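Any chance you can model this:
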Amino acid sequence: MVLVSELTYEGSFNVGKPAGEVMEFIRDLGRVAPCIPNVVSHSVEGRRGRVKFRVDLGDEVPIAELRRVTADTEIEVTPIEGGASYIISGRAAGGSVKVELTLTVKQGVGGSTVEWRAKASLSRALAMVRRFIDLDSMVRRIAQDTVSGIVKCMAGSSQP
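Numbering: from 1, shown residues only. Here you go, the predicted structure:
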């Protein structure tokens, strides 16, 4: 898979849970996978999994029938100092994508802050779409929606 275009996004969010609990959650792919918005199916074994989910490409795509695609991905999570690193690779809309997502947890007053950084590498086929639609805005929205889904799950989770 030849990846030719790279996009980087970052942000942070607060969770009203202790850093240790948040770190345990983000390192557990079995708990994170169902939190990805619009999951169609997922299977997880240890730190690796396959996740299939629908992606709403939004009004940037001029043809209504092409606005909703299915992404088929393989995900691997690795614990890192203070958080977790995800490598997500797969296919969507006829092209390949690889995303490196890093989540770092810091204890704060009354909860934790999670800083995230996503670096998306796109195949030539997906990069060519940039000539017709605002791909940067679309990928940014998808990254933010995914992180938001994980945050909502995490905020609602409780320790067993």
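
Tell me how far the residue of the chain most remote from its centre lies from residue 14.
Distance from the C-alpha centroid of the chain peaks at residue 109, with 26.5 Å (Cα atoms, centre = their mean). Applying Cβ to Cβ, to the nearest Å, the value for residue 109 to residue 14 is 10 Å. Where you see a C-beta, it was placed from the backbone N, CA and C, and this is true even at glycine.

same question, residue 32
Counting by Cβ to Cβ, the gap from residue 32 to residue 14 is 18 Å.

Comparing these two, which residue is more hemmed in?
Ranked by neighbour count (other Cβ atoms under 10 Å), residue 32 and residue 14 place residue 32 first, with 25 against 13.

Which strand or helix spans the more buried one?
Per DSSP states H and E, residue 32 falls inside helix 29-32.

name the helices or strands packed onto that helix?
For helix 29-32, the elements it packs on are helix 19-26, strand 48-56, strand 68-80, helix 135-156, judged by 3 or more Cβ pairs under 8 Å, 6 or more residues apart in numbering; DSSP states H and E.

what about stretch 78-94, average pLDDT?
Mean per-residue pLDDT for stretch 78-94: 88.

Quote the end-to-end distance of that stretch.
28 Å (Cα to Cα, to the nearest Å).

How about stretch 105-115?
7 Å.

in that stretch, what counts as buried?
105, 111-114 (16 or more other Cβ atoms under 10 Å).

How about stretch 45-58?
For stretch 45-58, by 16+ other Cβ under 10 Å, it's 47, 49, 51-53, 55, 57.

Least confident secondary structure element in the protein?
When each helix and strand of the chain is scored by mean pLDDT, DSSP states H and E, helix 124-128 comes last, with a mean of 70.

picking that back up, the following helix or strand past the helix holding residue 32: how far from the chain's middle?
For helix 29-32, the following helix or strand on the C-terminal side (DSSP H and E) is strand 39-45. Put simply, strand 39-45 sits 14 Å off its chain's centre (Cα atoms, centre = their mean, to the nearest Å).

helices or strands up against strand 39-45?
Checked by 3+ Cβ pairs under 8 Å, 6+ apart, strand 39-45 has strand 48-56 packed alongside it.

sorry, back to before: with just CA atoms, put the helix holding residue 32 into CSV.
Presented in CSV, the C-alpha positions along helix 29-32 are these (Å, rounded to 0.1, in the frame of the first residue of the first chain):
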residue,chain,number,x,y,z
LEU,A,29,-9.4,-2.5,22.6
GLY,A,30,-12.3,-4.8,23.5
ARG,A,31,-13.9,-1.9,25.4
VAL,A,32,-12.9,0.8,22.9
